[in-house]
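In: sharing a sequence plus its predicted fold:
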Amino acid sequence: MSRDRGCTPDVPPSSGVPALLVCDVSKGNGVGNGPPHTTATSSRFVTGAYDCTSSADSVVTYQGVEDHSSVGGSGTLALTANGTRLEAIYSGDANATGTLDFVATSDSSASPAAGQTITVG
């Protein structure tokens with residue numbers, strides 16, 4: 001059976017694509033070299049640059065047949081703080097990019113602001 005990869009899906013995806021970023025402190029970015037920069041709420045969020053790998057999975061139906069695909073890459077997550085707010089900028093990845101704003105809710109958790117998206121694809 002042969003499938004034409006250029007065809008239109010039976011229906012557009014009905015929900016967001018699950019995506020995962022796994023990050024570690026970037027080499028040479030200054031994080032860990034001196035006192036950590038944290039939010040004004042005495043959080044444990046350390047600002048700076050982080051090296052990340054990404055993974056996203058999707059399922060789309062073409063001509064009645066499900067097509068499962070995965071994409072992944074690598075990029076840099078830059079975390080900055082301004083009072084109780086955190087900004088996360090992900091860039092350098094061919095498969096994912098974007099900026100998200102968060103509000104620190106405790107010393108180790110933050111909630112994303114409503115209505116934001118990361119571009120995956």
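Out: Alright, I've got the coordinates.
In: check residue 51 and give its pLDDT.
Out: Taken from the predicted model, the pLDDT recorded for residue 51 is 90.
In: equivalent analysis for residue 14, please.
Out: The model reports residue 14 with a pLDDT of 54.
In: how about the secondary structure of residue 44?
Out: The three-state label for residue 44, taken from DSSP: H, G, I helix; E, B strand; the rest coil, comes out as coil.
In: what's the neighbour count on it?
Out: When counting by other CB atoms under 10 Å, one arrives at 12 neighbours for residue 44. Bear in mind the C-beta positions are built from the backbone N, C-alpha and C, glycine included.
In: ok, it to residue 21 distance?
Out: When distance is defined by CB to CB, to the nearest Å, residue 44 is 18 Å away from residue 21.
In: residue 71: neighbour count?
Out: Counted with other CB under 10 Å, the burial measure for residue 71 works out to 17 neighbours.
In: that one reaches residue 95, doesn't it?
Out: Yes. The pair formed by residue 71 and residue 95 meets the contact definition of CB atoms under 8 Å, at 4.4 Å.
In: mind listing what the strand or helix carrying residue 49 pairs with, with the direction of each?
Out: Residue 49 belongs to strand 48-62 when elements are defined using DSSP states H and E. For strand 48-62, the paired strands and their directions (DSSP bridges) read strand 19-25 (antiparallel), strand 65-82 (antiparallel).
In: mean pLDDT for the ones you listed: which is lowest?
Out: The weakest mean pLDDT among the strands paired with strand 48-62 belongs to strand 19-25, with a mean of 76.
In: buried sites along that one?
Out: By 16 or more other CB atoms under 10 Å, the buried positions in strand 19-25 come out as 19, 21, 23.
In: which parts of stretch 114-121 are buried?
Out: For stretch 114-121, the neighbour count (16+ other CB under 10 Å) marks 118, 120 as buried.
In: list the contacts of it.
Out: 16-17, 19, 54, 56, 71, 90, 95-101 (CB atoms under 8 Å, 6 or more residues apart in numbering).
In: narrow these to those that are buried.
Out: Using 16+ other CB under 10 Å, the buried members of these are 19, 54, 56, 71, 90, 95-97, 100.
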